[in-house]
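# Quick one, structure for this:
(2 chains)
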Amino acid sequence: MPIHNREIADVFNRVADLLDIEGENQFRIRAYRKAARIVVDLPRNVGDMVREGEDLTRFSGIGKDLAGKIKEIVETGVLGQLKELEKKTPPDLSRLMKMEGLGPKRVQTLHKELGINDLDGLKKAAEENRIRKLEGFGEKTEKLILEALERMKDEGEKERIKLFAAEQIANDYVDYLKKGRGIKDIAVAGSYRRRMETVGDLDILVTCKKGSQVMERFVEYEDVAKVLSKGTTRSSVVLRTGLHVDLRLVPQVSYGAALHYFTGSRDHNIAVRGLGVKLGLKINEYGVFRGKDEERVAGRTEEEVYRQVGLPYIEPELRENRGEIEAARNNKVPILIRRDDIRGDLHVHTNETDGRQTLEEMVQAAREQGYEYLAITDHSKRVTMAKGLDARRLAKQIDAIDTLNGKVRGIRILKGIELDILEDGSLDLPDDILKELDLTVCSIHYNQNLSRKRMTERVIRAMDNPFFTIFAHPTGRLIGGRKGYEIDLEAIMKAAGERGCVLELNAHPDRLDLDDHNCRMAKEMGLRVVISTDSHSSSDLDFMRFGVYQARRGWLEKDDVLNTRSFSEIEGLLKRK
DNA sequence: GCCGTTTTCGGCCCGACTGTTTTCAGTCG
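Coordinates of the predicted model:
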């Protein structure tokens, strides 16, 4: 059973939590948390890397000790150090730390003074009013804990929401704030601006004229369920949906520094500040300052901030401290793909199967997107739920597309199909109909719980078929839903490269599959990807932007993405030798 | 625990808000 990177990261995070509660050195704790993030961010499976004898200390932040611990987890499935820690400190205390208002110090006090070991113990102590008597605690804190426990029961753990949902909430809030008086600049920063597939909270940054009532207006918004804090430069609220929103107010000379600061990521900021420290600069959300008298040298724009530490501008999607700073230093920051670069969509459905619009309507919608081409890829027969096409109905659709191509101007309609990859790796329509098509989009719908080995063989076998063009939504994951099947993507990408097949980045906001790490792995392996919407209605064509965001997070440039090419180029590229 | 064009030891990002406090610790981002 292979160990996932996420599991190794979980072990490190648990170690960090317990060390934190024990009052260990903060920097040692930070090292564990940093290592956890590095492991999660690696495009490859760490277990495979360990088995191949790769030196993990080449990643900055992983030293000899942590590399050894990773090896131990990979080889034994556990970490002895964590077992030891759990003997001294009840492991459930780390759950207490996740609660609002409780950090390591308070959890330690609750444990030492009141013998609290878990959430039940905490609840009991709070209800019996024993917590308010502790030094550093009070009535309000006790009440806060009970409220937090109550919320936990209702909602479970705080969930991140999909970018698509966050976008709507953010747009409405920003529009509302803009209608207030005196706002100059306004931007939503944080993971939202870095276009992460999910967003934990919203950070809104504003500059405004004197006497603006922006803070009042912010907390008076109709969707606010609770005001967590309200100050002159910062306020926090919880919306009725449970989403946290922060508003920060900074002077205009600080706008760029603040935007940089609040966009993060935290690791990226720490790295940039580290560069600043070496140059004798102090960087905070108000600007960049030099020397003892703290002379302001930058702050109005993000470009200024980067320039002060000797770097070119770095796009928000890259700011994860995954090598972008080193790349920037060497003038090798990728020129990221943009939405305008996309010239066609290669995966859409019509009402012949489970789409909502007709062929003609989808073509018209694609023209309105400004596309040069559109591939119609309805489901194949195995997907009975979607009224999948058999050879006869597909032949009819091919004729319809040929006819339509003769009539419409300014766009080429490609003939395709979304083929089901059967459990034995065969495709569910015969070659003599597939040869009539411009491309096939192949994907897995059934038997998703095969072993990693069998699933990988299934797909590679399917790719052996010369009519296999694109492997769609390659992991099958649904964000916030299904985890995705077990599959060795590295082997799949290698096989795809050898056979001239392409992988899809599915732009649907529930999928975004390939994810950012996968995209980067594809790029490093020299494999091109297509970004497609898998549209089931004409309005879904707008999902393309989410695919582009994810591609940008995966460092993809225009040339890495096939459907940035013109129709004549793509025609040749799709055909396998 | 990690790291090194000042360094193999001594640093490691920085500020706002709250609650419990008479000057600050803890938490958060």
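
# Please give the element, helix or strand, for A:Lys71.
helix A:64-76 (DSSP states H and E).

# Using CSV, write out every CA atom in that helix.
Provided in CSV are the C-alpha atoms of helix A:64-76 (Å, rounded to 0.1, in the frame of the first residue of the first chain):
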residue,chain,number,x,y,z
LYS,A,64,19.1,15.1,7.3
ASP,A,65,16.9,14.5,10.2
LEU,A,66,13.6,15.0,8.4
ALA,A,67,14.7,13.1,5.4
GLY,A,68,15.4,10.2,7.7
LYS,A,69,11.9,10.5,9.3
ILE,A,70,10.3,10.5,5.9
LYS,A,71,12.1,7.3,5.1
GLU,A,72,11.0,5.8,8.3
ILE,A,73,7.3,6.7,7.6
VAL,A,74,7.6,5.3,4.0
GLU,A,75,9.2,2.1,5.2
THR,A,76,7.3,1.3,8.3
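
# mind listing what's buried in that helix?
Neighbour-count burial for helix A:64-76, counted by 16 or more other Cβ atoms under 10 Å, picks out A:Leu66, A:Ala67, A:Lys69, A:Ile70, A:Glu72, A:Ile73, A:Val74. Yep, even glycine has a C-beta here, placed from its N, CA and C like the rest.

# Stretch A:99-117 now?
Neighbour-count burial for stretch A:99-117, counted by 16+ other Cβ under 10 Å, picks out A:Met99, A:Leu102, A:Pro104, A:Arg106, A:Val107, A:Gln108, A:Thr109, A:Leu110, A:His111, A:Leu114, A:Ile116, A:Asn117.

# still on that earlier bit, so what touches the helix holding A:Lys71?
A:3, A:7-8, A:11-12, A:31-32, A:35, A:39, A:46-47, A:50-51, A:55-57, A:62, A:78-81 (Cβ atoms under 8 Å, 6 or more residues apart in numbering).

# sorry, back to before: and the buried residues of stretch A:99-117 as JSON lines, adding distance to DNA strand B?
JSON lines is the format used below for those (distance: Cβ to the nearest atom of the strand, whole Å):
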{"residue": "A:Met99", "distance to DNA strand B": "7"}
{"residue": "A:Leu102", "distance to DNA strand B": "5"}
{"residue": "A:Pro104", "distance to DNA strand B": "5"}
{"residue": "A:Arg106", "distance to DNA strand B": "3"}
{"residue": "A:Val107", "distance to DNA strand B": "6"}
{"residue": "A:Gln108", "distance to DNA strand B": "8"}
{"residue": "A:Thr109", "distance to DNA strand B": "8"}
{"residue": "A:Leu110", "distance to DNA strand B": "9"}
{"residue": "A:His111", "distance to DNA strand B": "11"}
{"residue": "A:Leu114", "distance to DNA strand B": "14"}
{"residue": "A:Ile116", "distance to DNA strand B": "13"}
{"residue": "A:Asn117", "distance to DNA strand B": "16"}
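
# Now intersect those residues with the helices, please.
A:Pro104, A:Arg106, A:Val107, A:Gln108, A:Thr109, A:Leu110, A:His111, A:Leu114 (DSSP state H).

# Quick check: closest non-adjacent residue to the last one.
In space, A:Leu114 comes closest to A:Ala125 once its chain neighbours are excluded; the distance is 5.2 Å by Cβ to Cβ, 6 or more residues apart in numbering.
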